[in-house]
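Visitor: structure of the sequence below:
(chains A, B and C, ligands or ions: 2)
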Amino acid sequence: MTLLTVDRLSVNLQGESGPVALVRDVSFTLDRRETLGIVGESGCGKTMTALALMGLLPEAARAEGRILFDGEDLVTADEARLCALRGDRIAMIFQEPMTSLNPVHTVGAQVAEVLRLHRAMGEGEALAEALRLLDLVGIPKARERLSAYPHQLSGGQRQRVMIAAALACRPDILLADEPTTALDVTVQAQILDLIGELVREFGMALVLITHDLGVVGQVTDRVIVMYAGNVVESGPTETIFAKRAHPYTQGLFAARPRQAGRTSQRGRLDTIPGVVPDPSAVIAGCRFADRCRHAVDICHRQPPPLVPIGADHDALCHRVREWA
Amino acid sequence: MSAVIAQRLFAFLATLLATSLVVFLVLEVLPGDSAQIMLGVDAEPDAVAALREKLGLNRPAAERYLTWLAGFMTGDLGDSYTYSVPVIELIVDRIAITIPLAVMAMVLTIAIALTTGVFAAAHHNRPGDWGVMLGAQIGIAMPNFWFGILLVLFFAVTLGWFSAGGFPGWEDDPLDAFKALILPAVSLALVQSAILARVTRSAVLDVLREDYIRTARAKGLSKRAALWGHGLRNAMIPVVTVMGLQFAFLLSGTIIIENVFYLPGLGRLIFQAISQRDLIVVKDVVMLMVIKVVVINFLVDLLYVAIDPRLKTAT
Amino acid sequence: MNAAAIAVGRFFRYGNFAIGVALSGLVVLTALVSFVWTPHSAIDIEIVDKFKPMSATHWFGTDHFGRDVLSLIMVGARNSIAVGIIAVSASVTLGTALGLFASARRGWVEEIVMRLSDLAFAFPAVLTAIMITALWGPSVINAILAIAIFNVPVFARVTRGAANAVWAREYILAARAAGKGGLRITVEHVLPNILNVLIVQATIQFALAVLAEAALSYLGLGAQPPLPSWGRMLRDAQSYLYTAPEQAIYPGIAIAIAVLGLNLLGDGLRDAFDPKLARKR
Ligand SMILES: Nc1ncnc2c1ncn2[C@@H]1O[C@H](COP(=O)(O)OP(=O)(O)O)[C@@H](O)[C@H]1O
Ligand SMILES: [Mg+2]
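Guide: Numbering: from 1, shown residues only, chains lettered A, B, ... in the order given. Ligands and ions are numbered 1, 2, ... in the order given. This next block holds a predicted model:
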């Protein structure tokens, strides 16, 4: 059953010289209990996509298209409605556990806050529930930690607190934006396992954003690959791992670190020369063409079409048919 | 008592001691013979000697310093040479005006600065923001005593709502006495709140860019709720730092404003003492002013610790 | 376009800066003109002419001694500027030297300089002026001294902060490796790099000095009659609030214009020196 339908979502930034597209025509669907990975280098628009789903884009940015959540369009929904959904039915955790928690409030209060807001719980009741949640996400001595401040916790523990707050209202969808990127290598796997476990247990749908394909392979059912604001390839995780079609996806695979669990902190590809073009760059053809070893004349002149390659497997490429 | 607070307390006491030494050196040791100064150059040598004896100026400086310090603890500061009453009595009378005035001005400053500063930040780059910033720029440029004079012109001379100055005393009519402090407090608060409003605005703007505000919004808090629930207390950290400096100015501003409104507070006392060359009273009142500044800074320090848990609890 | 032209262009893109230049320029010009010409004498008393309203001969009217208010304000500008320049120059020199010294030596030298400047913050300028006046009687020199003393720790702190940042840079390491001494590095590398910060701070402290001078003259602790000063004019005006309320207006406006101009100038300079900060604000 489809829970979320994203239909030609674009995010435009009001720049000094006209709007700049940070996200272009992104479409995908998410079923209940489904897990989706969004992969791509830094600056490809993954975070903007997630923030658009939350209705939390930066002030200068606007979303266009449709985001149907349980039949309701979030792009046109008013702020009060979005506030009611956020934290209750759609929750999000962020990349930087160091700065994402408020330094002057206790950990317990920050978890309890969601419950008081959406479940109208009193302080005592909310704190009791917060304690249960902290326990659930594997914080040792949770009762003592309830009155601790964020600076007294390690990065991994802080991210667990973030997860506890996100899960408090048992949301339908959890958006996790690079939840392990800022953590120690040894902690990354633990946090990822925890998220996978809890998503299954709570029956949530998950959108996991990462620049690390290895992470996606472990956790998600489906993958979309983003490049410079576009979805360049999408399909079931197994299919894409077996038959990567888009040259950019191939580059991502080649860049995968050999040792399991190790990711490049920068989220840059060393195997493909060049960098992601600036969103404001005017490019007539394929935005990846400059870095693509398969690029031919047409790639520089015309925007690529979305080409179906297999069941539920598409790629945005002029030439993909030639090898896929 | 936590280690941080003990440390602040120690710094507070050390500052008090050091400042008292400065005041004593400048106003008692530096001038040489205080008795000669008080009586003037053409005074009879006998009279000077007598006064010297009476004021205990023949004793060693270190001893006089310690006696003076002890006097601040016990309240025995000796007699005023010009008024022939205990200095402490003079001070207690006057401080009953100066302290309430300073407190009213501080409360007003905080109230105006926080509301306008937060308002400006919430309306960043919109007319509300520009209006507050323009007002603040003008407020900072206005001398507080001139603003006080303008207030008198408008509310006392033109409208007649307030008296142009003077103080009826707390005993007779507390309400009237309170009323007499309103215009002075407003003129003191204006400039200070203009500066503080600017600091508040930029602190709030900085805080609104923080990740934890985004987290709060992701939990479902409205913009306003995120600002008040998560932004304000963090924004207060830089604001309080500036506030400490501000209030030192404000306290010295009471000296000026008391002159504008003819309030018989410490500021007036010190001017009378200067014109009568009563160095004893000048020294005591200056020290009292310094004590107020140092105490305010200490309180602000404590407030700082209360706001930011990172200062209280080490990892 | 060369670098200088780009910098000037950036300067004037900020309206505040332009207004700051205009207002400060007006005040300085007024003071300069007053040396060669004023509408009337600012000293001579014509008691029969007292409290004349605005007219073609007396644009801003006359005061309680019959002196021309415009002339008084023009000459008063000299006083404000002179006190500001002398006090700020003295404190910049001393404060910067202390700050540079603290930064070059670090350790206990720095600690002492900083503790001393902490201590000085317990003495606002008015209090220092009161102490000096109690000793030596009121005069414009006392006002300058009090304002300068108050500003020394301000510059010591700002200098030390900025200088420490410069000392942490890599080319200083290189200079040290080349065997240059602390004094030479300070003069050749540190000072030029913190000049921007000092200029901005000096402009702002100048504005504060004008305010402080006005307050001290108002209290009778600064410029003494017959030397015209804005603060003194307000003190006089206060005695005649009921008979000649307009006397309390012009000197106040003059002070506000000078302070506003200098503050805007300081803000504009800061933005021009540090465009990143400007964009953020
Ligand atoms: N607050 C912002 N204002 C303007 N542009 C932004 C902002 N945040 C990100 N961008 C730009 O939007 C593009 C997409 O960024 P983002 O979604 O954060 O990428 P990703 O999460 O894939 O690394 C980037 O080019 C980035 O520079
Ligand atoms: Mg991102």
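Visitor: what's the pLDDT at residue B:182?
Guide: Listed pLDDT for residue B:182 reads 91.
Visitor: which SSE is residue A:19 in?
Guide: Residue A:19 is part of strand A:18-31 when elements are defined by DSSP states H and E.
Visitor: repeat for residue C:242
Guide: Judged by DSSP H and E, residue C:242 forms part of no helix or strand.
Visitor: can you tell me the closest non-neighbouring residue to it?
Guide: Among residues not flanking residue C:242 along the chain, residue B:157 sits closest, at 6.0 Å (Cβ to Cβ, 6 or more residues apart in numbering or on different chains). All C-beta atoms are positioned from the backbone trio N, CA, C, and that covers glycine.
Visitor: count the residues that sit near the one you found.
Guide: 16 (other Cβ atoms under 10 Å in any protein chain shown).
Visitor: quickly note the distance from the closest residue to chain C within chain A to ligand 1.
Guide: Using Cβ to the nearest Cβ, the closest approach of chain A to chain C is made by residue A:16 at 11.4 Å. Residue A:16 sits at a distance of 12 Å from ligand 1 (criterion: Cβ to the nearest ligand atom, to the nearest Å).
Visitor: now do residue C:141
Guide: Taking Cβ to the nearest ligand atom, one finds residue C:141 at 55 Å from ligand 1.
Visitor: just after the helix or strand where that residue lies, pick out the following helix or strand.
Guide: Using DSSP H and E, residue C:141 sits in helix C:140-167. Reading on from helix C:140-167 to the C-terminus, the next helix or strand found by DSSP H and E is helix C:170-177.
Visitor: now that following helix: average pLDDT?
Guide: Helix C:170-177 comes out at a mean pLDDT of 82.
Visitor: just stretch A:64-84 next, same as before
Guide: Mean predicted confidence for stretch A:64-84 is 94.
Visitor: how close does residue C:188 sit to residue C:156?
Guide: 21 Å (Cβ to Cβ, to the nearest Å).
Visitor: more crowded one of the two?
Guide: residue C:156 (26 against 12).
Visitor: for the more buried one, give me its contacts.
Guide: C:95-96, C:98-99, C:102, C:113-114, C:117 (Cβ atoms under 8 Å, 6 or more residues apart in numbering or on different chains).
Visitor: if you rank the residues you listed by neighbours, which is first?
Guide: Neighbour max across those (other Cβ under 10 Å) = residue C:99, 30 neighbours.
Visitor: pLDDT value on it, please?
Guide: Note for residue C:99: predicted pLDDT of 92.
Visitor: contacts only, for the residue lying closest to it once chain neighbours are set aside.
Guide: Counting by Cβ to Cβ, 6+ apart, residue C:159 is the residue found nearest to residue C:99 once chain neighbours are left out, at 2.7 Å. With contact taken as Cβ under 8 Å, 6+ apart, residue C:159 is in contact with C:95-96, C:98-100, C:103, C:194, C:197-198.
Visitor: buried residues in the helix or strand where residue B:234 lies, which are they?
Guide: For residue B:234, the host element (DSSP H and E) is helix B:232-260. Within helix B:232-260, the residues scored as buried using 16 or more other Cβ atoms under 10 Å in any protein chain shown are B:232-240, B:242-260.
Visitor: how about the residues of the stretch 151-281 of chain C near chain B?
Guide: Neighbours of chain B within the stretch 151-281 of chain C, by Cβ under 8 Å from any Cβ of the partner chain: C:207, C:211, C:214-215, C:218-220, C:231, C:234, C:237-238, C:241-242, C:245, C:248, C:251-252, C:255-257, C:259-260, C:263-264, C:281.
Visitor: residue in chain A nearest to chain B?
Guide: Nearest residue of chain A to chain B: residue A:87, at 3.5 Å (Cβ to the nearest Cβ).
Visitor: tell me the spacing between that residue and residue A:74.
Guide: Distance, residue A:87 to residue A:74, by Cβ to Cβ: 14 Å.
Visitor: would you confirm that residue B:204 contacts residue B:230?
Guide: No: Residue B:204 is not in contact with residue B:230 according to Cβ atoms under 8 Å; the separation is 11.3 Å.
Visitor: hang on, the earlier thing: give me the pLDDT value at the residue of chain A closest to chain C.
Guide: 71.
Visitor: show me the contacts for it.
Guide: Here residue A:16 is in contact with no residue (Cβ under 8 Å, 6+ apart).
Visitor: could you do residue A:125 as well?
Guide: Contacts of residue A:125 by Cβ under 8 Å, 6+ apart are residue A:115.
Visitor: what's the helix or strand for it?
Guide: helix A:123-136.
Visitor: name the next helix or strand downstream of that helix, please.
Guide: helix A:142-145.
Visitor: so is that next one next to chain B?
Guide: No: counting by Cβ under 8 Å from any Cβ, chain B has no neighbours in helix A:142-145; the shortest distance is 12.5 Å.
Visitor: quick check: next helix or strand after that helix?
Guide: Next along from helix A:142-145, by DSSP H and E: helix A:155-167.
Visitor: the helix or strand that that following helix is followed by: how far from the chain's middle?
Guide: Following helix A:155-167 in sequence order, the next helix or strand is strand A:173-177 (DSSP H and E). The chain centroid and the centroid of strand A:173-177 are separated by 6 Å, computed with Cα atoms, centre = their mean, to the nearest Å.
Visitor: check which residues of the helix holding residue C:141 are buried.
Guide: For helix C:140-167, by 16+ other Cβ under 10 Å, it's C:140, C:142-160, C:162-164, C:166-167.
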